[in-house]
Structure formats: C-alpha cells, structure tokens
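Any chance you could fold what I've pasted below:
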Amino acid sequence: LEPKNHNLPKMDVGSSFKGLSVIYIPVVEKKEKDLYKTFPFAKKEKIKGKKGSKKVIIHNGQIYNFVGIGLEEKMNYRTMRRFYGSAYVGASGSKPKSIGLYCDLDYLEAASVGVNVAALKSSIFKPKAKKDKDLPNVSFVNPNFKAKMAYVKSVMKKGQNIAYGKNIMRVLGSLPPNELHTEKYAEVIMELAKKWKVKCEKISKKKLEKYNLLNAVSAGSGHDSQLLVFTIHPRSGKTKKATAMIGKGLCFDAGGVQSKQNYMKSMKEDMAGSASVMGTIYSIVKNKLDLKETTYFLLPLAENMMGRNAMRPDDVYTAGDGQTVEIIHTDAEGRLVMADAICYAKKNYKNTHKFYTIATLTGSCIIALGQHYTGGVCNNDDLACDVTKIGKKVGDYVHVGPWDMDYDDNNSPVADMSNLGEQDREAGWIKAGMFLYRFVPKAKKKEKQAQFCHFDIAATIDMDEKGKAWRSKGLSSGVGVGLLSELLTK
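Alright, predicted model coming up:
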C-alpha cells in the first residue's frame, strides 16, 4: 500500500527540454501561435489545437508530440489531469529514457496527479509479473518555471501526494475479499496509522455491542464487524466544534439472503468509501494541510453474506442511539453500517456539528448521474454550493440533489423506520441520504442545526474493466480524495 511499492516513475520539474527523449505539448485551439515562442520550429508545421489533432515533429533528435486539446474554455482540472495521464501512457509505451510534459503552472498539480494515477498498474496478484525497472523519468517543463523553481516543485509534490492518496484507495479496492476481510482490513488500517503517525483507535467488540445495525450486516459472515476512528486536530490544537467524516467499508457485499445473484462481481469495491477516506488522510498528512477543525474519521467495516445467522427481511434492529429499523431488503446494508457510525460519533464526540458520509451506496445514483458526477445529498444550501465548487476545482464533480423531506419515505409500521423507501426506485440515492440524516442530531434552532452531506460514489469509482486511456484496467478512479481533502482543510 505504500507509494514506494507502486513502481511509479521519478518526477521533476524543469525549464529546459534539453536531454528529454519524448516531449508532449498540449495545443489550445485558436491559441496555436502562443507556442511559437517556446517552439519556433513548429511554426512552419502548422500545428492545430482542434481536439484530437496530432502532429509529431523530430527536432534535434528529440520527438515532439503536439496534441490538440480543444478550446480554452473547455480546459479544467479534470480534462488536464486526463490529458497528462494519457500522454504518460502514450509516451511510456515506447520505453523512452525520459519524458517531457510541457505544462503551465495553473495545471501542474492536475498534471502531477494524472501521471501518477496513470502509472499505477493492477498486477499485485501476479507473482510472475516483473516490475518495470526501466521506467522513464518524467519532467514537467516550462521556461517560465525557472524564476520560481522551489514553488513549482511544491505544487508538483502536492499533486503527487494527492495521487498517492488516490492510489492507496485504488490498491485497497483492488484487493480480493478473501485477503481483505474485516479483521485484516482493521489490521491494515492500524498499521498505516502507525506509519503515518496519526492517532487511530480500533473500537472494542464490547463497546460495539449496542450498535446492532453494524453488527447485523456481518451476522451471516465469518468475519465480525469493526469500527475504527482516526482523530486529527488542526495545527492550533483541539477545537470546540468537530467534524465526523464517515466512509463505508463493506469488504464484500453479496446482498445478504436477498442475494445480488449475478451482480456480485466487483463487490470487493464496496469498501471504496472507507478507502477514499484512507487516501484523504494520507493526502492531508503528507501535504501538511491544516484541518478546519478537529475531525473524526470513522471507518465502519462489515461483510454482507448469506450465513445461517444473516439478517432477514422483517427483522428489526436497534441502532446505537436507540432508534429501531425494520429490514425491508438485506442489500440495503451500507446505510445501516454508516447509520451506526453516525450514532457512535454523536454519542462519543458530542461537539460534532458536521457529519459527512461517503459510500458506494445505490444503483439509482448510477442510473441518475452515470460515471461523471458523484451524487450529493446536503441539508444546507451553502454547503451544497461549496461542495459543488470544490468538486469542479479538483476534478471530482458533484451533483447535489434536491433537499426535500417529501423524499423521505423510509417509514415502517413496526419500527421507527425501514432501511428502504416505500418507492425506492424513485430517487433512491436521495432517499438513502435521507435515511442517514435521521440519525444526525437535530437542533431546535435552524442556525444551530448540524450540517450533513452524503456523497454517493457508486458510479464515480468507475471500476471499468476495460480501462481508460489515462488509467489502467482493474483499478478504480480514486474519486473523493481530492474533494474531501479540500472540503475538510483550510
């Protein structure tokens, strides 16, 4: 899981193209002439910025690839992250000694993230697979870097650490469930916390006895549910108010007794929410980012199987805060483990006034938004705006759905609520968020109401087995790490 074991290329920044074997240059449509000062030999070649256009020029023994990326108004963090990831994949295929990537400072962080994400391979469980010992050195180059090289290097390093956080998430998600069951995952988390020098507590089985929602999910498994809590303070010390950041950790989800049947493939990724939180913690610690306030990162771990003690439809369980939940469907289990994590936070960290959750939670979010936007459910308009802006800034796009309590039909005639809405096919991802909100502490005055935001990453983890031009097959996107790092820090 450590980045040093990920077989990634060495990276640097520079102001000269001297000595580089292959160089990639993004060309902006209608601004082709802006490149002639840096690349005067390209003037007579009529390079074009139209998206998809390519021009290869050999000059002084170096290979220059001019690639059109379209109009400037369509350039953003995500498109440039993908461009540089694709450029690295394309360039490294020919095994050059070195790769130069022409880059403006505005997109250097995105470029650094893109290359490091693209370079990670999914060959962990291929013992005979040889590590590439001849990886090319990568240099981000721009003559304008010369005057501020120290700052430029810090921007590149920040991007690297974000990418390393994403890659930690991606490696965790790729591990097979027979290797990364709940007990083993808890051991891994504690080991990483020790290496990162961050406080982490594994909550004892005795303390979890009353958290029946969390325990019920694993009742049909041979592996017990777990709860781990990281505590990180701002540089100034512990704050009066605190944030709870909760990541769902379903090490495998077979759907319980109401089985997923033919839809179990890739359900090892159902712990992506917790893995995203782990990657976020790494990014915050390594980039020395300052949290806005004391933050508790809660990782509820479980495994939803079909054993003889598995939870059943019609069962009623009592949550950690005393509320009762009727089970309508055993495959709506992720919200149960996160609900009890919310209960644990509000009971043990009474100063918590912000509750954020992240999970691969619903298929309805995949249908509604596809692979390009994470679904957001927020009870606060200002928070919803902030989340949307941050998502665009870091390339983790979020679409916040409507906040209207009319969506909340998680009702039950025999319990305080049910784990599935009466009309769950309608806006199911919003209703799942509404279910979680039932466990968030309520205040009488609106201005004192706890903030709540849920992120559904069921689609945006994008476990595309075919891979992408900017990402290897068999590995997820690493979504959420950039978003949460920005959301939680100053």
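
Quick one: the helices in the stretch 301-450 of the chain, in order.
Using DSSP state H, counting those that start in this stretch, the helices of the stretch 301-450 of the chain run over 334-348, 363-369, 381-394, 428-437.

I'd like to know which of these lies nearest to L135.
helix 381-394 (26.6 Å; C-beta to C-beta). In this view, the C-beta of every residue, glycine as well, is placed from N, C-alpha and C.

Residues contacting the closest one, please?
Under the criterion C-beta atoms under 8 Å, 6 or more residues apart in numbering, residues 76-77, 374, 376, 378, 396-400, 403, 451, 453, 482-483, 485-487 lie in contact with helix 381-394.

Only whichever of the residues you listed are buried, select them in ChimeraX.
Buried residues among those (16 or more other C-beta atoms under 10 Å), as a ChimeraX selection:
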select :77,374,376,378,396,397,398,399,400,403,453,482,483,485,486,487
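
circling back to that earlier point, which one of the helices of the stretch 301-450 of the chain lies nearest to Y36?
So among those, helix 381-394 is nearest, using C-beta to C-beta, at 31.2 Å.

tell me how far the closest one is from the chain's mean position?
16 Å (C-alpha atoms, centre = their mean, to the nearest Å).

Also stretch 184-199?
19 Å.

Tell me the buried residues in it?
By neighbour count on 16+ other C-beta under 10 Å, the buried set for stretch 184-199 is K184, Y185, A186, V188, I189, L192, A193, V198.

possible to save those residues as a markdown table with distance to G222, pLDDT and secondary structure?
Compiled in a markdown table, these are given as follows (distance: C-beta to C-beta, whole Å; pLDDT from 0 to 100; DSSP: H, G, I helix; E, B strand; the rest coil):
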| residue | distance to G222 | pLDDT | secondary structure |
| --- | --- | --- | --- |
| K184 | 12 | 98 | helix |
| Y185 | 14 | 98 | helix |
| A186 | 15 | 98 | helix |
| V188 | 18 | 97 | helix |
| I189 | 20 | 98 | helix |
| L192 | 24 | 97 | helix |
| A193 | 25 | 97 | helix |
| V198 | 30 | 98 | coil |
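
Look at the nearest residue to W429 once chain neighbours are set aside and say how many residues are nearby.
Distance criterion C-beta to C-beta, 6 or more residues apart in numbering; nearest residue to W429, sequence neighbours excluded, is C365 at 3.7 Å. Using other C-beta atoms under 10 Å, the number of residues around C365 comes to 30.

same check, this time on the one 5 residues further on
Under the neighbour criterion other C-beta under 10 Å, G370 is assigned a count of 11.

For L361, see how far away it is.
Per C-beta to C-beta, to the nearest Å, G370 is found 16 Å from L361.

Quick check: mean pLDDT of stretch 483-490?
Here stretch 483-490 scores 98 as its mean pLDDT.

same question, stretch 92-101
With pLDDT averaged residue by residue, stretch 92-101 scores 94.

Equivalent analysis for stretch 433-447, please.
Per-residue scores along stretch 433-447 average to 92.

mind checking how far that stretch is from the chain centre?
The answer for stretch 433-447 is 25 Å, by C-alpha atoms, centre = their mean.

Tell me the buried residues in it?
Neighbour counts over stretch 433-447 (16+ other C-beta under 10 Å) mark G433, M434, F435, L436, Y437, R438, F439, V440, P441 as buried.

Ok, stretch 237-248 next?
Within stretch 237-248, judged by 16+ other C-beta under 10 Å, the buried ones are A242, T243, A244, M245, I246, G247, K248.

and that stretch, how far apart are its ends?
One end of stretch 237-248 sits 28 Å from the other (C-alpha to C-alpha, to the nearest Å).

Report the secondary structure state of the closest residue to V479 other than its chain neighbours.
Excluding the flanking residues, the one nearest V479 by C-beta to C-beta, 6+ apart is T460, at 4.4 Å. Classification of T460 by DSSP: H, G, I helix; E, B strand; the rest coil places it in coil.

okay if I get the buried residues of stretch 184-199 as JSON lines plus distance to V13?
Output for these, formatted as JSON lines (distance: C-beta to C-beta, whole Å):
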{"residue": "K184", "distance to V13": "39"}
{"residue": "Y185", "distance to V13": "37"}
{"residue": "A186", "distance to V13": "39"}
{"residue": "V188", "distance to V13": "33"}
{"residue": "I189", "distance to V13": "34"}
{"residue": "L192", "distance to V13": "29"}
{"residue": "A193", "distance to V13": "32"}
{"residue": "V198", "distance to V13": "29"}
